[in-house]
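K.L.:
Pasted the sequence and its predicted model underneath.
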Amino acid sequence: MANINQVRNIGISAHIDSGKTTLTERVLYYTGKIHKIEEVRGKSGVGATMDSMDLEREKGITIQSAATYCEWKESIINIIDTPGHVDFTIEVERALRVLDAAILVLCGVSGVQSQSITVDRQMRRYNVPRIAFINKLDRTGADPFRVINQLREKLGHNAHAISMPIGAEINLQGTIDLTNMKAYYFDGDNGENIREEEIPTELKEQAEKLRHDLLEAISDFDDNIAEKFLEDEPVSTEELRAGIRQATIALQFIPVMMGSAFKNKGVQLLLDAVAYYLPNPTEVTNEAHDQNNDEAKVILDSTSEKPLVMLAFKLEDGRYGQLTYMRVYQGKVSKGDTIHNAATGKKVRVSRLVRMHSDEMHDIDSAEAGDIAAIFGVDCASGDTFTDGTLSLTMTSMYVPDAVISLAIWPKKKGDSGNFSKALNRFMREDPTFRVHRDDESNQTIISGMGELHLQIYMERIKREYDCVIESGEPQVAYRETISQKADFSYTHKKQTGGSGQYAKIGGYIEPLPSDAIEPFEFVGDIKGGAIPREYIPACEKGFREEIKSGSLIGFPVVGVRVVLNDGAFHAVDSSEMAFKACSIAAFKEVYPQGKPIILEPIMKLGCEAPTEFQGGVIGLLNQRRGVILGTQNNGAYVQIEAEVPLSAMFGFSTDLRSGTQGKGEFSMEFLKYAPVPKQISAELIKIYQDKKAAENK
């Protein structure tokens, strides 16, 4: 086991098509993990090492995050290459949850794009220190200093260049390291021979100005550098690197590297920067919750001496059964050990322990704090905590966004239903954003996910991996209902049968919740003077919660409602929990129409990029689909358009965009908020729902 101070657990994240997978491929080549570079969309048809799934190689995109490890000089680097497409956002979430640091890759031409903003927000959520790498500087229109300005303006980062390019676009020759003021050229067929030279005379002035700016930025975090900077004394390379490291780990600074992964320029310097500036596992605070002490926070110690704590962050069904990726936070796990699942209490024996290199497995005997390993034969869910049984700790799981789109699917052949359910069960376990349920009314299997591509990929995988051809219905948007005004209710529930009857009376009001409310439903039991006995109030809440599962307009869940219960009456003999629950259900049914209910639809944030000559056509396409354009930005030959669009109007948009831009336009969407549906569409949705109900009742 390497010294834990030399371990780096990093993720590589970016907007789709910024060159993450190409960069990872170069990293593996220079660290000796692979001996031949394959391109993401290479002519050989082999595809990049980290895109091990056939679908990934065909489409040239990353779908699953892939883990690998490599050694660079003295460092051991565990890397997770994550997808850039927003539909696979959970892969980024779970990777960032267990990583100590990240590389944010940005395209030198397009700069900060919509998905870069999403990935950056995810990094903030998990307090992940990062280095920015401005890639594709060999392309026409690349301007790294414009991208640094976008990092500052769009993302609000204190970002400064720690390297600069020698030459630009087609004449990109190498990079200058501003910490030691040396020029580096990357010779050989694949840039493997690094040549260190003095900085070319014509670039010396620009390099000195950038180093001056860098020193000024770092002097805010390092007193020693601040003193020398003010006195105009020289700052050594070691002092500057230590200052950058301290500010980066404190999340106060983002060092910006530059190069071109495709042209093999600057990748080795990026690996040096990972070792210099990103934290080792002991420099990151990891917390768990003590289940025996009211979930009190416990700081985990990144040492192998303490009892074991590790988190299952990704599941994969492989040739040999379920493979569970684990991050070890504290302690040590060895082959033959028995581990305890803190969520279920089950014990499991570790029969085989491996370290992953994309889809290859390298057997290991043990894994210690700071390591990422994988274990076979562990039955668990994504986000479960494992210990050695002496502790009762759980770690917080990752954030899982709500699904925005649903689809009814069924196997084409009756005989395939076994494989069909096997596939759905597996994918649901592996991906928390992929949800499956049975619609009781139509008896159909409904799958829900993050977008059209998300569901298409799973349908394609069921066909390929389970030999089961699938048919599907129309995509269904996840609408919601809410109320637009306050309404009072007073309802009495009376039922007299033989023996004791049922009696309950409740009064109060419903009102819309403020738009920034965290929970979609709030219940307030504001009963004075014992008008309703305390033990019946939870039954009232249960009744209301049951009734909001399906609104009366179009049968979708009701959100954004506060129910206040402030009056009522009971009967000493005939009142019961059941009576109060039934009373609440009926009261909500009666008062809901008085709250002037409306339908809400999911609004997506869309980032679209297309050649400038098609700008008018793309904006026209978005306007037809009820899109609201928020802004456009020209980056040379390309225009970036940001808009808010209703999901229901976006089906088939990718086909229209491709045909309207000669195949050059691309876009990504993510859920932003719910907003009221226009009146005309609302009336159509209500009519469809009423017709469907009438048909069912015949």
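P.N.:
Now that the structure is in, tell me what you want to look at. None of these values were measured; they are calculated from a predicted model.

K.L.:
could you show me where the helices are in the stretch 251-400 of the chain, in order?
P.N.:
Secondary structure of the stretch 251-400 of the chain by DSSP state H, counting those that start in this stretch: the helices cover 267-277.

K.L.:
Name the spans of it whose pLDDT lies under the cut-off.
P.N.:
Confidence mapping of the stretch 251-400 of the chain against pLDDT under 70 gives the ranges 317-320, 358-359, 397-398.

K.L.:
which residues touch Thr179?
P.N.:
Under the criterion of Cβ atoms under 8 Å, 6 or more residues apart in numbering, the contact list for Thr179 reads 162, 214, 237, 240-241, 244. Placement of C-beta: from N, CA and C, glycine included.

K.L.:
So which of these is surrounded by the most neighbours?
P.N.:
Ile162 (29 neighbours; other Cβ atoms under 10 Å).

K.L.:
That one and Asp272, how far apart?
P.N.:
11 Å (Cβ to Cβ, to the nearest Å).

K.L.:
now swap in Arg130 and tell me
P.N.:
According to Cβ to Cβ, Arg130 stands 16 Å off from Asp272.

K.L.:
Neighbour count for these two, which is higher?
P.N.:
It is Arg130, of Arg130 and Asp272, that has more neighbours when counted by other Cβ under 10 Å, with 25 against 16.

K.L.:
Name the nearest residue to that one, sequence neighbours excluded.
P.N.:
Spatial nearest neighbour of Arg130, chain neighbours left out: Ala102 (4.5 Å); criterion: Cβ to Cβ, 6 or more residues apart in numbering.

K.L.:
swap in Leu278?
P.N.:
Nearest residue to Leu278, sequence neighbours excluded (Cβ to Cβ, 6+ apart): Ala101, at 3.9 Å.

K.L.:
Tell me the confidence at that neighbour?
P.N.:
At Ala101 the predicted local confidence, pLDDT, stands at 92.

K.L.:
likewise Thr82?
P.N.:
67.

K.L.:
Phe489 too?
P.N.:
At Phe489, the pLDDT recorded in the model is 95.

K.L.:
tell me the contacts of it?
P.N.:
The neighbours of Phe489, taking Cβ under 8 Å, 6+ apart as the test, are 506-510, 587-588, 590-591.

K.L.:
Next, count neighbours for the nearest residue to Glu430 once chain neighbours are set aside.
P.N.:
If the residues on either side of it in the chain are set aside, Glu430 comes closest to Leu315, at 4.9 Å by Cβ to Cβ, 6+ apart. Here the neighbour count serves as a burial measure; for Leu315 (other Cβ under 10 Å) it reads 23.

K.L.:
Does Leu315 touch Ala374 like I think?
P.N.:
No: counting by Cβ atoms under 8 Å, no contact exists between Leu315 and Ala374, whose distance comes to 9.9 Å.

K.L.:
so what sits against both of these two?
P.N.:
Taking Cβ under 8 Å, 6+ apart as the contact rule, the neighbours common to Leu315 and Ala374 are 323-325.

K.L.:
nearest to Asp402, of the residues you listed?
P.N.:
Proximity of those to Asp402 was ranked by Cβ to Cβ; the top entry is Tyr325 with 24.3 Å.

K.L.:
I'd like to know how many residues surround Glu360.
P.N.:
Here the count is done by other Cβ under 10 Å, and Glu360 has 12 residues near it.

K.L.:
What ranges does the stretch 101-250 of the chain have for its helices?
P.N.:
All helices of the stretch 101-250 of the chain, identified by DSSP H, counting those that start in this stretch, fall at 114-125, 144-153, 201-218, 223-231, 237-249.

K.L.:
can you put those in a markdown table and add mean pLDDT and distance to Lys33?
P.N.:
What follows is the helices of the stretch 101-250 of the chain, written out as a markdown table (pLDDT from 0 to 100; distance: least, Cβ to Cβ, whole Å):
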| stretch | mean pLDDT | distance to Lys33 |
| --- | --- | --- |
| helix 114-125 | 79 | 25 |
| helix 144-153 | 93 | 28 |
| helix 201-218 | 94 | 32 |
| helix 223-231 | 92 | 36 |
| helix 237-249 | 95 | 26 |
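
K.L.:
Would you mind saying which of these lies nearest Glu577?
P.N.:
helix 114-125 (40.3 Å).

K.L.:
What helices and strands are in contact with that closest one?
P.N.:
The criterion is 3 or more Cβ pairs under 8 Å, 6 or more residues apart in numbering; DSSP states H and E, and the helices and strands that helix 114-125 contacts are strand 7-14, helix 89-98, strand 101-107, strand 597-611, strand 666-676.

K.L.:
of all these, which lies closest to Ser334?
P.N.:
With respect to Ser334, and counting by Cβ to Cβ, the nearest of the helices and strands packed on helix 114-125 is strand 7-14 at 18.0 Å.

K.L.:
the inter-axis angle of the following helix or strand past that closest one versus helix 267-277?
P.N.:
Scanning the chain past strand 7-14 towards its C-terminal end, the next helix or strand to appear is helix 20-30 (assignment: DSSP states H and E). Here the directions of helix 20-30 and helix 267-277 differ by 90 degrees (axes from the mean of the first three to the mean of the last three Cα atoms, to 10 degrees).

K.L.:
elements contacting helix 20-30?
P.N.:
strand 7-14, strand 66-72, strand 75-81, strand 101-107, strand 130-135, helix 267-277.

K.L.:
Can I get the shortest one in CSV, CA atoms only?
P.N.:
Coordinates of the C-alpha atoms in strand 130-135 are reproduced here as CSV (Å, rounded to 0.1, in the frame of the first residue of the first chain):
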residue,chain,number,x,y,z
ARG,A,130,-10.9,21.3,-8.3
ILE,A,131,-8.4,22.2,-11.0
ALA,A,132,-9.8,23.6,-14.3
PHE,A,133,-8.2,22.2,-17.5
ILE,A,134,-8.9,24.3,-20.6
ASN,A,135,-8.8,21.7,-23.4
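
K.L.:
Name the strands paired with it and say parallel or antiparallel.
P.N.:
Partner strands and pairing direction for strand 130-135 (DSSP bridges) are strand 101-107 (parallel), strand 254-258 (parallel).

K.L.:
nearest to Glu609, of the ones you listed?
P.N.:
Checking the strands paired with strand 130-135 against Glu609 by Cβ to Cβ gives strand 101-107 as the closest, at 9.8 Å.

K.L.:
The residue nearest to Val112 when sequence neighbours are not counted and Tyr399: what is the separation?
P.N.:
In space, not counting the residues next to it along the chain, Val112 is nearest to Gln150; the distance is 4.0 Å by Cβ to Cβ, 6+ apart. Gln150 sits 25 Å away from Tyr399, going by Cβ to Cβ.

K.L.:
again, but for Asn135
P.N.:
The span separating Asn135 from Tyr399 equals 27 Å under the rule Cβ to Cβ.

K.L.:
Which one of the two is surrounded by more residues?
P.N.:
Each of Asn135 and Tyr399 had its neighbours counted (other Cβ under 10 Å), and the higher figure belongs to Asn135 (33 against 15).

K.L.:
Before I go, just wanted to say thanks for your time.
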